[in-house]
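Asker: quick one, fold the following:
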Amino acid sequence: MSAPAMKAEARSEAYEIPLDQLDPSQPELFQKNAFWPYFERLRREDPVHFCAESGYGPYWSVTKYNDIMAVDTNHQVFSSEASLGGITIRDQQADFRMPMFIAMDPPKHDKQRKVVSPIVAPENLERLEGTIRERAAKMLEELPRGETFDWVDRVSIELTTQMLATLFDFPFEERRKLTRWSDVATAIPGHGVVDTDEQRRQELRECGSYFAELWNQRLNSEPKSDLISMMAHSDVTRNMEPMEFLGNIVLLIVGGNDTTRNSITGGVVALNENPDQYKKLRDNPALIPSMVPEIIRWQTPLAHMRRTALADTELRGKKIKKGDKVVMWYVSGNRDEEAIDDPNAFIIDRARPRQHLSFGFGIHRCVGNRLAEMQLRIVWEEILKRFKFIEVMGEPERIFSSFIKGYATLPVRIAA
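Answerer: Residues are numbered from 1 along each chain as shown. Take a look at the predicted model:
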């Protein structure tokens, strides 16, 4: 089926379902890129929408920009706590709960976040810039010319995994373990990454054991500026319980991996779908700094974040009860016509490109947002020095997830 036909089919399906049965959380909708009309309809007809039955139990969808901001900035009413289910629509399992600072409320959240935030302080980003540029240049030089290859594997994964290995001071030759653990942490069992929940747990335990060894090495040596050393030498984090330790490691791996990795691929997809913008970029590489946040908005690498209501409350006249699951669909808020001009268009010289929800808002705003932007800026500066055109050769294979909005593969070709 052609892309326009698939689009039309998705649209008719989304509008035929009775509104009270609409469930945009189905991972297959995201894998087929068929979720857009579901959110379009919700924004128009029922911006704060209750779904009584889904694969994740009952939940509220918040789909408009300003409503999402209202939930995201109100941690007194809308909690991120792992013990209440955590930050994704899929509840953390009670017998394998991984507390992590993004799935905590203040004051504990604030203290733990403060421990790792120096890694992305401006002076540290300045120090990292040369390393990122050198690696990006080398990687791009080694890409094949005149033949089709997988951009996700050769560029997006490789660049982000090298960066992660640097931030953790992780053994460089084993860096692909980080990619694997990131994929395992967010995977839905039975859909290509892991077969069972038990396999997922086992691999995450292996991740915990590996990092525990690195932790002990750093604990017994002088403090350094990598993430593990920072946590090992801080009074706030040095005595974490094993599952909390694993939770924070997984958070830093996924946070440092998925956002940037899927935005690097998303940029290539967006420019191929919008050749006028690709030409605009080639004619004026000075537009890269405004293109980067537009890529991040257009891609929205994390489709949602979830909260749990701590008290009965009201949003747009809807009565949300204490204990209800509330899902902020960033992917929908980033296409809200009332907040963003022409939101479905990819425009690399927008007047306000940073007006988007992809990094969240409030106390949980992505700690590495400036690092993510810097990596994207550098990779595009290096791409434009070398290649006139990166041509997408077929449909991307998308991830089976309504949380990670990303790509498994993207076939591309660079002219010889």
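Asker: neighbours around the nearest residue to residue 243 once chain neighbours are set aside, how many?
Answerer: Nearest non-adjacent residue to residue 243, counting by CB to CB, 6 or more residues apart in numbering: residue 98, 5.4 Å away. Glycine gets a C-beta too; all of them are placed from N, C-alpha and C. Other residues lying near residue 98 total 22 when counted by other CB atoms under 10 Å.
Asker: one more: the one 4 residues further on?
Answerer: The tally of other residues near residue 102 (other CB under 10 Å) stands at 24.
Asker: what of the one 10 residues further on?
Answerer: Counted with other CB under 10 Å, the burial measure for residue 112 works out to 23 neighbours.
Asker: again, but for residue 135
Answerer: Residue 135, neighbours per other CB under 10 Å, totals 18.
Asker: how close does it sit to residue 379?
Answerer: As judged by CB to CB, to the nearest Å, residue 135 and residue 379 stand 10 Å apart.
Asker: intersection of neighbour lists for those two?
Answerer: Common contact partners of residue 135 and residue 379 (CB atoms under 8 Å, 6 or more residues apart in numbering): residue 159.
Asker: quick one: neighbours of residue 410, just the number.
Answerer: The burial count for residue 410: 27, using other CB under 10 Å.
Asker: do the same with the one 5 residues further on
Answerer: Neighbours of residue 415 under the rule other CB under 10 Å: 10.
Asker: show me where the stretch 301-416 of the chain has its helices.
Answerer: 330-333, 369-386 (DSSP state H, counting those that start in this stretch).
Asker: hmm, back to that, need the three-state assignment for the residue nearest to residue 243.
Answerer: Following DSSP: H, G, I helix; E, B strand; the rest coil, residue 98 is assigned to coil.
Asker: check contacts around it.
Answerer: By CB under 8 Å, 6+ apart, the neighbours of residue 98 are 82, 92, 204, 243-244, 246-247, 250.
Asker: ok, now with 7 Å
Answerer: 82, 92, 243, 246-247, 250 (CB atoms under 7 Å, 6 or more residues apart in numbering).
Asker: which of those has the most neighbours?
Answerer: residue 247 leads the contacts of residue 98 on contacts (other CB under 10 Å) with 26 neighbours.
Asker: of the helices of the stretch 301-416 of the chain, which stretch is the most buried?
Answerer: Highest mean neighbour count of the helices of the stretch 301-416 of the chain: helix 330-333, a mean of 27 (counted as mean count of other CB atoms under 10 Å).
Asker: what lies in contact with that helix?
Answerer: Residues contacting helix 330-333 (CB under 7 Å, 6+ apart): 39, 42-43, 63-65, 68, 300, 302-305, 357-358, 405.
Asker: now, these that are in strands?
Answerer: 304-305 (DSSP state E).
Asker: nearest to residue 130 among the contacts of helix 330-333?
Answerer: residue 358 (26.5 Å; CB to CB).
Asker: list the buried ones in the strand or helix carrying residue 182?
Answerer: If you go by DSSP states H and E, residue 182 is part of helix 176-186. Buried residues in helix 176-186, counted by 16 or more other CB atoms under 10 Å: 177-179, 181-186.
Asker: possible to save those as TSV with distance to residue 386?
Answerer: Shown next, in TSV, are those (distance: CB to CB, whole Å):
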residue	distance to residue 386
177	30
178	27
179	24
181	31
182	28
183	29
184	34
185	34
186	32
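Asker: where does this structure dip in pLDDT?
Answerer: Under the criterion pLDDT under 70, no range of the chain is flagged.
Asker: which residue sits closest to residue 30, ignoring its sequence neighbours?
Answerer: residue 402 (5.2 Å).
Asker: contact partners for the one you found?
Answerer: Residues in contact with residue 402 (CB under 7 Å, 6+ apart) are 25-27, 30, 89, 303-304.
Asker: looking at the helices of the stretch 301-416 of the chain, which is nearest to residue 264?
Answerer: The nearest among these, by CB to CB, is helix 369-386 at 6.1 Å.
Asker: the closest one packs against which elements?
Answerer: Packing contacts for helix 369-386, counted by 3 or more CB pairs under 7 Å, 6 or more residues apart in numbering; DSSP states H and E, involve helix 122-141, helix 158-168, helix 242-273, helix 288-299.
Asker: the last one vs helix 242-273, what angle?
Answerer: Put simply, helix 288-299 runs at 110 degrees to helix 242-273, going by axes from the mean of the first three to the mean of the last three CA atoms, to 10 degrees.
Asker: can you check the second one too?
Answerer: If you take the same axes, to 10 degrees, helix 158-168 sits at 150 degrees to helix 242-273.
Asker: quick one: helix 158-168 to chain centroid distance?
Answerer: 16 Å (CA atoms, centre = their mean, to the nearest Å).
Asker: just checking, what packs against it?
Answerer: helix 122-141, helix 176-186, helix 227-232, helix 242-273, helix 369-386.
Asker: try 10 Å
Answerer: helix 122-141, helix 176-186, helix 197-219, helix 227-232, helix 242-273, helix 369-386 (3 or more CB pairs under 10 Å, 6 or more residues apart in numbering; DSSP states H and E).
Asker: what are the buried residues along the fifth one?
Answerer: What it means is helix 242-273. For helix 242-273, by 16+ other CB under 10 Å, it's 243-272.
Asker: what angle do helix 122-141 and it make with each other?
Answerer: 60 degrees.
Asker: next SSE after helix 242-273?
Answerer: Note on helix 242-273: by DSSP H and E, the next helix or strand toward the C-terminus is helix 275-283.
Asker: ok, the first one next?
Answerer: Heading C-terminal from helix 122-141, the first helix or strand you meet, by DSSP H and E, is strand 148-150.
Asker: contacts for that following strand next, please.
Answerer: 143, 155-157, 265, 391-394, 396-397, 407-414 (CB atoms under 10 Å, 6 or more residues apart in numbering).
Asker: can you select the buried ones from the residues you listed in ChimeraX?
Answerer: Of the contacts of strand 148-150, the buried ones can be selected in ChimeraX as follows, counting by 16+ other CB under 10 Å:
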select :143,155,156,157,265,392,396,407,408,410,411,412,413,414
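Asker: looking at the contacts of strand 148-150, which are in strands?
Answerer: 391-392, 397, 407-409, 411-414.
Asker: still on that earlier bit, out of the helices and strands packed on helix 369-386, which gets nearest to residue 383?
Answerer: Across those, the minimum distance to residue 383, taken as CB to CB, is reached by helix 122-141, at 6.4 Å.
Asker: now tell me what touches that closest one from outside.
Answerer: Contacts for helix 122-141 (CB under 10 Å, 6+ apart): 118-121, 154-155, 158-159, 162-163, 166-167, 225, 264, 368, 370-371, 373-375, 377-383, 385-387, 414.
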